[in-house]
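**Student:** next one to model:
(2 chains)
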Amino acid sequence: MELAGVTKEQVYAALKEVNDPELPISLVDLGLIYGVEVDNGNVDITMTLTASGCPAIDMIKEDILEKLAGTKGVDSVNIEVVWSPAWTKEMLTDDGVYALKALGIAV
Amino acid sequence: MVDKRKDSLPAAVKDEFKALLLGISDTKLLLGYHFGEWTFRTPTLEAGIATCNFAQDELGHVRLLHGLLKNYSGENDATLIHDRPPEKYNAVVSLNIDISSWIELISLSAVIDSGLTLLLESMSDSSFRPLRERVEKILQEEKFHSDYTHAWVVSLAADGNGSADMVGEVFRKAVPAYTSWLSDLTDSALVEEGILNMPIKETLAKTFENVNSLAQHSGLNLPNSKEMELEESKEYPRYPDEAIIYSLRGEKNEVFRV
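**Tutor:** Numbers count the residues shown, from 1 in each chain, chains lettered A, B, ... in the order given. As a prediction, this is how the structure comes out:
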């Protein structure tokens, strides 16, 4: 029997495929995703941005919504942008650090 | 011990909160405008990049502060931006007109932007969570502004081509303007509720301390803080220039708004 809804792991896997609009690195590896909660098909995402004046905020939200709309079991997505704790490069994953170094960006 | 930290804004502080946040966000809006305007008129490409980055930061901070005004003071984009007449703005008056040189911009920033940072630091342990969290992000970004502008002030003051006189002249006008702006804000309810962790008067004293320290370090000759506090800022218009407001509203490109 197939369970309804989506799991947290499936949501993270989907988000791992959503890149920052300015860098070929996923939002997860940039450390922008602070939390994911799922309740059957309803997904709540808490995330931050590297800069308060990030001009790509709407684009990032749209990319997340588009990706999750195509993810099996997702009925609704709520995205909350928070500013605390403020993002620092320590929040990059190991993959994120590797990817940035490969791009020639010192981290 | 009772944790007095709160997610809602006490009714007693609403007027002071609105005036304070509007004053800070208006000043940041105009700082952002001027940084943006000077992006392609800097002495070096790197300085242009820094100016562009500062403009983006300041406008980001305006976005964060406007969010609080929308959520807790009943404001909206119309009242904050599109329909607000110039006389409803409350920025530090030095920013109400065009800035005549890049040196003036850097010197103004060293006084005003750094002053705002001290004011924001007095909210970094605010009892009001939404404010405290946004201030954390703003202060993270502001640190670079202070470091950068202070370093430039020291370099410019050491320059033998009249730059030191220009920096000193801006300081002598900007400090009274900032003092007057800050002194007009009221804080008793905000301090009482722990929204502000330090009375504005103490923040002002710290501002003088910082400006004097920077001036001394740079070899600039400034009047003492008491003289500057008492000086009136008559040289600037009370409200922003209409042409600047027109740009801030983004009306020229309204058709592209989504």
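**Student:** how about the helices in chain A?
**Tutor:** With DSSP state H, the ranges of helices along chain A come out as A:8-15, A:57-69, A:94-102.
**Student:** so residue B:179 touches residue B:228, yeah?
**Tutor:** Yes. In this structure residue B:179 lies within contact range of residue B:228 using C-beta atoms under 8 Å: 6.7 Å. For every residue, glycine as well, the C-beta is placed using N, CA and C.
**Student:** for the residue minimising distance to the centre of chain A, which non-adjacent residue is spatially closest?
**Tutor:** Nearest to the geometric centre of chain A sits residue A:27, at 4.1 Å (C-alpha atoms, centre = their mean). Closest residue in space to residue A:27, ignoring its immediate chain neighbours: residue A:18 at 5.2 Å, by C-beta to C-beta, 6 or more residues apart in numbering or on different chains.
**Student:** next to chain B, which bits of chain A? Give me the list.
**Tutor:** Remark: the part of chain A in contact with chain B comprises A:51, A:52, A:53, A:54, A:55, A:82, A:83, A:84, A:85, A:86, A:88, using C-beta under 8 Å from any C-beta of the partner chain.
**Student:** again, only this time at 6 Å
**Tutor:** Proximity of chain A to chain B, by C-beta under 6 Å from any C-beta of the partner chain, involves residues A:52, A:53, A:83, A:84, A:86.
**Student:** give me the neighbour count for residue 57.
**Tutor:** Assuming you mean chain A. 16 (other C-beta atoms under 10 Å in any protein chain shown).
**Student:** let me rephrase: I mean chain B.
**Tutor:** 24.
**Student:** residues in contact with the closest residue to chain A within chain B?
**Tutor:** Using C-beta to the nearest C-beta, the single residue of chain B nearest to chain A is residue B:60, 2.6 Å away. Applying C-beta atoms under 6 Å, 6 or more residues apart in numbering or on different chains to residue B:60 gives the contacts A:52, A:53.
**Student:** make it 10 Å
**Tutor:** Residue B:60 is in contact with A:49, A:51, A:52, A:53, A:54, A:55, A:57, B:28, B:32, B:137, B:138, B:141, counting by C-beta atoms under 10 Å, 6 or more residues apart in numbering or on different chains.
**Student:** reformat those residues as TSV; add distance to residue B:110 and pLDDT.
**Tutor:** Shown next, in TSV, are the contacts of residue B:60 (distance: C-beta to C-beta, whole Å; pLDDT from 0 to 100):
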residue	distance to residue B:110	pLDDT
A:49	27	95
A:51	22	93
A:52	21	93
A:53	21	90
A:54	26	89
A:55	27	84
A:57	30	89
B:28	15	97
B:32	16	97
B:137	22	96
B:138	18	96
B:141	16	95
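**Student:** highest neighbour count among those residues?
**Tutor:** Most surrounded of these: other C-beta under 10 Å gives residue B:28, at 28 neighbours.
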